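J.: Sharing a model prediction with you, sequence too.
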Amino acid sequence: MMSNILEIKNLVVSYGGIEAVKGIDITVPEGQIVTLIGANGAGKSTTLKSISGLVKPKQASILYKGQEIVGKTPDYIVSQGITLVPEGRRVFPNLTVLENLKIGAYLRKDSLKEDLDYIYSLFPRLKEREWQMAGTLSGGEQQMLAVGRALMSKPKVIMMDEPSLGLAPLVVKDIFKIIQTINEQGITVLLIEQNANMALKVAHKAYVIETGTITMEGTGAELLANEEIKQAYLGKTK
Amino acid sequence: MTSTAFLQYCLTGISIGGIYALIAIGYTMVYGILRLINFAHGDIFMMAAYFMIFAMVDFALPWYVSIVIVLAATILLGVVIEKVAYKPLRSSPRMSIMISAIGVSYLLQNLATYLFSALPKGYPKIDFLMKTITIGGISTSVVTFITPILTLVFVFLLLQLINHTKIGMAMRAVSKDFETSQLMGIKINRVISFTFVIGCFLAGVGSILYFTPRPSVYPLVGSLPGLKCFIAAVFGGIGSIPGAMLGGFVIGLSETFIKAAGYSEFSDVFTFILLIVVLLFKPTGLFGEKTTEKV
């Protein structure tokens, strides 16, 4: 029996009185890729921000390895092994590529050498651009850097918010390959995507979220075959 | 103007300019991280002068102890101001926090008037700083001579700190993006406090160097130097430390030469004209970064 590394129960988040997330339940089994798909404004990003402690939920229980993390600070949550690759990459443009990777390991006190080598083996492009300011990288390279930076914290769970946003189709393929590689190393992935097709193909488990509520859940393959999903998210007509 | 006189004015100019630079760095660093013009900074500089009077005159402590106390008290004041007046407004519109800064400025001025009265008080003399030394035909006081050197040393150390240490890296990160910095595990409040520590430390040093050769301190004494240093920071490009230093030196030198030419009453006017010119023709200042709106 596989254990759930992350259990979110009845997550409610409101911004100035308007509920963005209206009581959702998500369970993330350890070692899997779980995806949340849904339209803009459905509450996906808010969900991830609540888990990482950036947004204070109105009510919720978020258990990480059985421990309640609601109300904990973002730095504590990172230190426990949950990291977020934010939407739009958000690399630090005024820091070099190497510094961006180092800052990803801000809370660590051990040697970073091995991890840097590992990141560079995943993304050889970053090695070439080590001393370049991150702001001068292309969108795809920035996304690689954002993923590399998140990995530097040695996470157990990596959450990604729209990693394919604004990237060329070939680069998107690369990113998804990387997501699977990371997952094969034993890191649990919680992925948000608008590119539902790609996300469902790699996901072990998937949730559909619409205007703050979960409307469907199943394995990636099940949802990929579902007629409603095909029409609403995969752009296929009957 | 003889060449000796010229050199004399140059030294005086870079000396006062060095003090402006130290204070301007406080403005520029706080702006860099909080996007806030800390209008209270000039008054923190004024309070540092009163701390010195307290330590050396009222408690008759030796100068080396007094300097440590002044710097510590100035830093404490700055950090407390940040915690009380700025931190609660972190997610408010920028205008609110700026109004709060103006409020703190008036509060400090009036607090000083209430506590120490509006009458000027004599600033204690640190003897060795006031000694006259003669270098190559120019005679000057030790304080005038060491000010620019201290300024350069502090700027050098500060740039090392910001560019080559972990906390410096965190400061650069926080200055760009609060939210993502938090995701890295950075405690942004600590980084912001640390920025105020540095800014107030430099204001404290600047205050000692500024008032030592001057006779007196009064509650409004910080406002004009404060404004000038703010202009120095804008001139150099707000957010840029080398820019603030250069701005300080430019203003110090121009002021001194204008005074030397016999137009004392225009020296402040020049500084404000400089501000207008910069804002009209190069609002980002000499080394300022272009602000691109995030898409």
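T.: Great, that's in hand.

J.: neighbouring contacts of the helix or strand encompassing B:I276?
T.: In this assignment (DSSP states H and E), B:I276 forms part of helix B:267-281. With contact meaning CB atoms under 8 Å, 6 or more residues apart in numbering or on different chains, helix B:267-281 is reached by B:L224, B:K228, B:I231, B:V234, B:F235, B:V250, B:I251, B:S254, B:E255, B:I258, B:K259, B:G285. Bear in mind the C-beta positions are built from the backbone N, C-alpha and C, glycine included.

J.: Against B:A112, how distant is B:L77?
T.: Using CB to CB, to the nearest Å, B:L77 is found at 12 Å from B:A112.

J.: Give me the neighbour count for residue 184.
T.: Since you didn't name a chain, this refers to chain A. 9 (other CB atoms under 10 Å in any protein chain shown).

J.: Chain B is the one I meant
T.: B:M184: 27 neighbours (other CB under 10 Å).

J.: just A:L63 next, same as before
T.: Neighbour number of A:L63 under other CB under 10 Å is 16.

J.: And it, which helix or strand is it part of?
T.: Secondary structure from DSSP H and E places A:L63 in strand A:59-64.

J.: where do the helices sit along the chain?
T.: Going with chain A. Using DSSP state H, the helices of chain A run over A:44-52, A:74-79, A:97-104, A:113-122, A:124-128, A:139-151, A:169-184, A:196-202, A:220-225, A:227-233.

J.: my question was about chain B
T.: Using DSSP H, helices in chain B cover B:3-34, B:41-53, B:63-81, B:94-116, B:127-130, B:142-164, B:166-176, B:178-183, B:188-211, B:223-236, B:241-260, B:267-281.

J.: what's the least confident stretch among these?
T.: Lowest mean pLDDT within the helices of chain B: helix B:127-130, a mean of 86.

J.: Which other helices and strands does that one contact?
T.: helix B:142-164 (3 or more CB pairs under 8 Å, 6 or more residues apart in numbering or on different chains; DSSP states H and E).

J.: Mind doing that once more with 10 Å?
T.: If contacts are counted by 3 or more CB pairs under 10 Å, 6 or more residues apart in numbering or on different chains; DSSP states H and E, helix B:127-130 sits against helix B:63-81, helix B:142-164.

J.: what's near enough to touch the residue of the stretch 1-150 of chain B found nearest chain A?
T.: The nearest approach of the stretch 1-150 of chain B to chain A comes at B:G32, 10.4 Å away (CB to the nearest CB). When contacts are counted by CB atoms under 10 Å, 6 or more residues apart in numbering or on different chains, B:G32 touches B:162, B:171-172, B:174-176, B:195, B:233, B:238-241, B:244, B:289.

J.: Kindly report the residues of chain B close to chain A.
T.: B:163, B:166, B:168-170, B:172-188, B:190, B:289, B:292, B:294-295 (CB under 10 Å from any CB of the partner chain).

J.: Which of those are buried? Put it as a ChimeraX command.
T.: Those of the residues of chain B next to chain A that count as buried under 16 or more other CB atoms under 10 Å in any protein chain shown are selected in ChimeraX with:
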select /B:168,169,170,172,173,174,175,176,177,178,180,181,182,183,184,185,186,187,188
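
J.: farthest pair in the contacts of helix B:267-281?
T.: B:K259 and B:G285 (24.7 Å; CB to CB).

J.: Pick out the residue closest to the middle of chain A.
T.: A:M160 (1.6 Å; CA atoms, centre = their mean).

J.: Chain neighbours aside, what residue packs nearest to it?
T.: Leaving out its chain neighbours, the residue that sits closest to A:M160 by CB to CB, 6 or more residues apart in numbering or on different chains is A:V85, at 4.5 Å.

J.: neighbours of that neighbour, just the number please.
T.: Neighbours of A:V85 using other CB under 10 Å come to 26.

J.: Kindly report the same for A:K154.
T.: For A:K154, using other CB under 10 Å, the count is 14.

J.: Double-check it against A:Y106; I have them as touching.
T.: No: under the criterion of CB atoms under 10 Å, A:K154 makes no contact with A:Y106, lying 12.0 Å away.

J.: contacting residues for the nearest residue to B:V57 once chain neighbours are set aside?
T.: Ranked by CB to CB, 6+ apart and with sequence neighbours excluded, the top spatial neighbour of B:V57 is B:P124, at 5.3 Å. The contact partners of B:P124, by CB under 10 Å, 6+ apart, come to B:49, B:52-58, B:60-61, B:63, B:66, B:211-212, B:217.

J.: Number of residues surrounding B:T284?
T.: B:T284: 16 neighbours (other CB under 10 Å).

J.: A:A203 too?
T.: Neighbourhood size, A:A203 [other CB under 10 Å]: 28.

J.: and if you look at the one 3 residues further on?
T.: For A:A206, the neighbour count with other CB under 10 Å is 27.

J.: again with the one 4 residues further on
T.: Other residues near A:E210 come to 15 when the count uses other CB under 10 Å.

J.: Report the beta-bridge partner residues of it.
T.: Here A:E210 sits in beta bridges with A:T213, going by DSSP bridges.

J.: ok, it touching A:A232?
T.: Yes: contact criterion CB under 10 Å: A:E210 and A:A232 qualify, at 8.7 Å.

J.: Between the two, which contacts overlap?
T.: By CB under 10 Å, 6+ apart, the residues touching both A:E210 and A:A232 are A:I37, A:G38, A:A39, A:M216.

J.: And the nearest residue to A:N40 once chain neighbours are set aside, what's its pLDDT?
T.: Closest residue to A:N40 in three dimensions, ignoring its sequence neighbours and counting by CB to CB, 6+ apart: A:Q194, at 7.4 Å. pLDDT recorded at A:Q194 is 84.

J.: quick one, what contacts A:Q194?
T.: A:I37, A:G38, A:A39, A:N40, A:A42, A:K44, A:E162, A:S164, A:L165, A:Y233.

J.: A:V97 and A:M133 touch, don't they?
T.: Yes: the criterion here is CB under 10 Å, and A:V97 meets it with A:M133 at 8.0 Å.

J.: out of these two, which sits in the busier spot?
T.: Neighbour tally, A:V97 and A:M133, criterion other CB under 10 Å: the higher count belongs to A:V97, 28 against 16.

J.: quick one: contacts for that one?
T.: A:91, A:120, A:123, A:125-134, A:136-137, A:141-142, A:144-145, A:148-149.

J.: swap in B:L77?
T.: B:A40, B:D43, B:I44, B:M47, B:A48, B:F51, B:L108, B:F196, B:C200, B:A203, B:G204.

J.: The second one: how many residues sit nearby?
T.: B:D43 is surrounded by 28 other residues when neighbours are defined as other CB under 10 Å.

J.: State the distance from it to A:G81.
T.: 46 Å.

J.: can you check the third one too?
T.: Distance, B:I44 to A:G81, by CB to CB: 42 Å.

J.: Compare neighbour counts for the two and give me the winner.
T.: B:I44 (27 against 17).

J.: B:D43 is in contact with B:C200, correct?
T.: No: if you go by CB under 10 Å, B:C200 and B:D43 don't touch, sitting 11.4 Å apart.

J.: what is in contact with those two at once?
T.: In contact with both B:C200 and B:D43: B:L77, B:I81, using CB under 10 Å, 6+ apart.

J.: Let me see the mean pLDDT of stretch A:29-40.
T.: 92.

J.: I meant stretch A:96-116, not that one.
T.: On average, stretch A:96-116 scores 94.

J.: Quick one: end-to-end length of it, please.
T.: Length of stretch A:96-116, first residue to last, CA to CA, to the nearest Å: 14 Å.

J.: Repeat that for stretch A:210-228.
T.: End-to-end for stretch A:210-228, by CA to CA: 13 Å.
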